[in-house]
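Enquirer: Give me coordinates for this.
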Amino acid sequence: MSHGRAEAMHYSDISCSIRGAVPNTPASPENIVAHNMPTVPPIAGVSTSVTGFIGFSPAGPVQTAVPINSFAQYRAQFGGLAAGSEMGFAVNQFFENGGSNCSIVRVGASGPLDLAEARTALAALDAVGNLNLLCLPGVSDAAILAAARTYCEKRRTFLIIDADPNATTAAALKNLMNGPALPRSISAAVYAPWLEIPNPLTNSGTLSIPPSGTVAGIYAATDANSGVWKAPAGLHAALQGVSGLAVSVTDAEGAALGELGMNLIRRFPAAGMVVWGARTLVPLAGGAGGGYQYVPVRRLALYIEASIIAGTRWAVFEPNGPALWAHVQSLVTAFLQQLYLQGAFQGSTPAEAYFVKCDATTMTQAEIDQGILNIVVGFAALRPAEFVVLQIQ
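Expert: Purely as a prediction, here's the structure:
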């Protein structure tokens, strides 16, 4: 396969399933023309910022995913802000910073979340049809974070992790990044430090809260204003409702931590407090090609993949042959062209920005006979004609 500069092509690890197309028997050209494809709508983009929250709250159903669209609704069902409920503060910050749609899973006991509770809560999120982001506010337990990573990779969900609150110096944050506690994944990112807010429980002093809910709100606002392909970081990613930071770092310390993949929240005189990093927790051994060390590249890939899968489900009822392949390729091409026109890809022409293949070269005869439809999609995330390749099966 050669598109653009093949030597610059990066292959992702994505392999998802669109199985069930009716097995095809060899067809003559006249049979291909005679078979009419169904009238189906264009591929529509799925949501990008539906966020799952898992944690303790003073009220509400236990181990059940409840959709919430405002903090007033959260307060009515889960009791609002309360001591010992880091989730409540995270959800409040989510909505204050641009979030609009989340699902809450309440665990039954206050105190540190245990692994069994976490696994039950993660399973409860299966009820959420399209879950884009996941936050476990205040959780730094390695086993729980590993379980969350596994769940997110299965669901095509992106995990936003809070740094350990005990990492209160640049040296401690460096040790955290180099240690075994964080789950290495291209579908996860870690943020530090914890945030200081005016204490609403006592109306005096400040309270330290985990940053994940605030960051998820920034993700949602960035998606809505600029697109999922825009980094949720920089001077436009200013935090609302935050009065201070639990840890301050120098520019040199911040640069060194950023190279390790730590996404810092920094304070700058002209901009206030902003998210200042958009790196994934790319595995230390081997790294990741195709730009997956960057949050927006990975999230754009997840968005494209989920949208194509949702928009081609009708294909499972069609004969798996050239007529179907051409129709699917046309629909996917139209979807990517719209993204290109919106500025999602690099390149001065569509050929430099993306490609789509769905034909006899993307499937073996055995796969065709089994009704397996393979779609190969490439998009230029960082440089023209250097493609991140999604192999959608």
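Enquirer: from memory S185 sits against R149, does it?
Expert: Yes - the criterion here is Cβ atoms under 8 Å, and S185 meets it with R149 at 4.8 Å. For glycine as for every other residue, the C-beta is placed from the backbone atoms N, C-alpha and C.
Enquirer: Which residue of the two possesses the greater neighbour count?
Expert: Comparing S185 with R149 by neighbour count (other Cβ atoms under 10 Å), the higher total belongs to S185, at 24 against 21.
Enquirer: Do you know the pLDDT at the more buried one?
Expert: In this model, S185 is scored at 95, pLDDT.
Enquirer: Any stretches of this structure with poor pLDDT?
Expert: Counting by pLDDT under 70, the low-confidence segments of the chain come to 1-36, 284-290.
Enquirer: Show me it divided up by domain.
Expert: If you go by automatic domain parsing, the domain ranges for the chain are 6-43+315-392, 51-279.
Enquirer: Deepest in the core, which of these is it.
Expert: When you average the neighbours per residue for each of these (mean count of other Cβ atoms under 10 Å), domain 51-279 leads with a mean of 20.
Enquirer: on that earlier part again, could you export the domains of the chain to JSON lines, including columns for distance to L302?
Expert: Rendered in JSON lines, the data for the domains of the chain read as follows (distance: least, Cβ to Cβ, whole Å):
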{"stretch": "domain 6-43+315-392", "distance to L302": "8"}
{"stretch": "domain 51-279", "distance to L302": "5"}
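Enquirer: Give me the residue at the spatial middle of the protein.
Expert: When Cα atoms, centre = their mean is applied to the chain, the residue found nearest the centroid is F158 (3.2 Å).
Enquirer: wait, doesn't that residue sit right on A301?
Expert: No - if you go by Cβ under 8 Å, F158 and A301 don't touch, sitting 10.5 Å apart.
Enquirer: And the strands in the stretch 101-250 of the chain?
Expert: Listed in chain order, the strands found in the stretch 101-250 of the chain under DSSP state E, counting those that start in this stretch are 102-107, 133-135, 158-162, 188-192, 195-198, 206-209, 244-245.
Enquirer: now those as JSON lines including distance to I392?
Expert: JSON lines is the format used below for the strands of the stretch 101-250 of the chain (distance: least, Cβ to Cβ, whole Å):
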{"stretch": "strand 102-107", "distance to I392": "26"}
{"stretch": "strand 133-135", "distance to I392": "22"}
{"stretch": "strand 158-162", "distance to I392": "18"}
{"stretch": "strand 188-192", "distance to I392": "22"}
{"stretch": "strand 195-198", "distance to I392": "38"}
{"stretch": "strand 206-209", "distance to I392": "39"}
{"stretch": "strand 244-245", "distance to I392": "41"}
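Enquirer: Figure out which of the ones you listed is closest to A220.
Expert: Ranking the strands of the stretch 101-250 of the chain by their distance to A220 (criterion: Cβ to Cβ) puts strand 133-135 first, at 8.1 Å.
Enquirer: Identify all contacting residues around the closest one.
Expert: When contacts are taken as Cβ atoms under 8 Å, 6 or more residues apart in numbering, the neighbours of strand 133-135 outside the stretch itself are 49-54, 90, 94, 125, 148, 151-152, 157-160, 162, 212-213, 216, 219.
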